[in-house]
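J.: Using only what follows, build the 3D model:
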Amino acid sequence: MIQNHNVNTAVVVFHEIYGINEHILEVCQQYRNRGYAVYCPDLLDGAEAFPYSRQPEAYEHFKRNIGFDVYKNYVRLLSEVRPKYRSIVLVGYSVGATIAWRCSATGLCDGMVGYYGSRIRDYSEVEPKCTSLLIFAENEPSFDPCDLALAIGKKKNTSIVTLSGHHGFCDRFTANYNPSSAAKAQLLTDEFLAGIKIGS
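T.: Reported below is the predicted structural model:
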């Protein structure tokens, strides 16, 4: 968890099933370098991150021991952090995007960006109380992003963008890394964050 209370905006990063790995550490450092306070809750409670080769095991661990109701734990974190910053933005990847999506309905954050949160489709009833940007890959093995866009794209405060590539296209440590789409997604996120800062 990286903290800096001398800035106005905090970014809370929610990682994937693998834990706080090289990709997430890079993401956190990137936002800190840009002048944001950064928080990164560890869903694995300090356990070593799973390598990508153990994806089935990492997913089973998440289902059995964590689950998406863990977002309630982070409502407490957001409640504690809220008074310290003018703006709080959630950035989540995969399962972390779904957790961030559920947190977006609490009224405790000012923005939410979710990268390829495929399980958001199980929580389409969520009504974000903050501006939300959902970024999906065109090629998802378990669902059709176009169907999800139709289901939640008309929600207030919610924008959906679909980019070419597969699940995980922003992670340069994976085989699904797509530099072009990763760059587009980062530009969208940077513009989103800039808009939050200007509006705060």
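
J.: ok, which stretches of the chain are strands?
T.: 9-14, 37-39, 87-93, 111-115, 131-139, 158-166 (DSSP state E).

J.: Tell me where this protein is predicted with low confidence.
T.: Along the chain, segments meeting pLDDT under 70 span 1-6, 197-200.

J.: rewinding a little: and the strands of the chain, which is most packed in?
T.: Of all these, strand 111-115 has the most neighbours on average by mean count of other Cβ atoms under 10 Å, namely a mean of 27. Bear in mind the C-beta positions are built from the backbone N, C-alpha and C, glycine included.

J.: Measure how that one sits relative to strand 158-166, angle-wise.
T.: 20 degrees (axes from the mean of the first three to the mean of the last three Cα atoms, to 10 degrees).

J.: and strand 111-115, which strands flank it?
T.: Using DSSP bridges, strand 111-115 pairs in its sheet with strand 87-93 (parallel), strand 131-139 (parallel).

J.: Format the ones you listed as a markdown table; extra columns: distance to Tyr177.
T.: Formatted as a markdown table, those follow (distance: least, Cβ to Cβ, whole Å):
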| stretch | distance to Tyr177 |
| --- | --- |
| strand 87-93 | 13 |
| strand 131-139 | 11 |
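
J.: sorry, back to before: Glu125 is nearest to which of the strands of the chain?
T.: strand 158-166 (12.8 Å; Cβ to Cβ).

J.: Distance from the chain centre to the closest one, please.
T.: 13 Å (Cα atoms, centre = their mean, to the nearest Å).

J.: repeat for stretch 82-89
T.: 17 Å.

J.: what about that stretch, how long is it end to end?
T.: One end of stretch 82-89 sits 11 Å from the other (Cα to Cα, to the nearest Å).

J.: if I pick the residue nearest to Gly19 when sequence neighbours are not counted, what's in contact with it?
T.: Nearest residue to Gly19 in three dimensions, chain neighbours excluded: Ala49, at 3.4 Å (Cβ to Cβ, 6 or more residues apart in numbering). Counting by Cβ atoms under 8 Å, 6 or more residues apart in numbering, Ala49 makes contact with 18-21.

J.: same thing but 10 Å
T.: Listed by Cβ atoms under 10 Å, 6 or more residues apart in numbering, the contact partners of Ala49 are 15-25, 42, 58.

J.: Tell me the spacing between Cys109 and Cys130.
T.: Relative to Cys130, Cys109 is positioned 5 Å away (Cβ to Cβ, to the nearest Å).

J.: related to what we said a few turns ago, tell me the one of the contacts of Ala49 nearest Arg172?
T.: His23 (7.2 Å).

J.: That closest one against Phe169, yeah?
T.: No - His23 lies out of contact with Phe169 (Cβ atoms under 10 Å); the separation is 11.7 Å.

J.: Neighbour count: these two, which is higher?
T.: Phe169 (26 against 21; other Cβ atoms under 10 Å).
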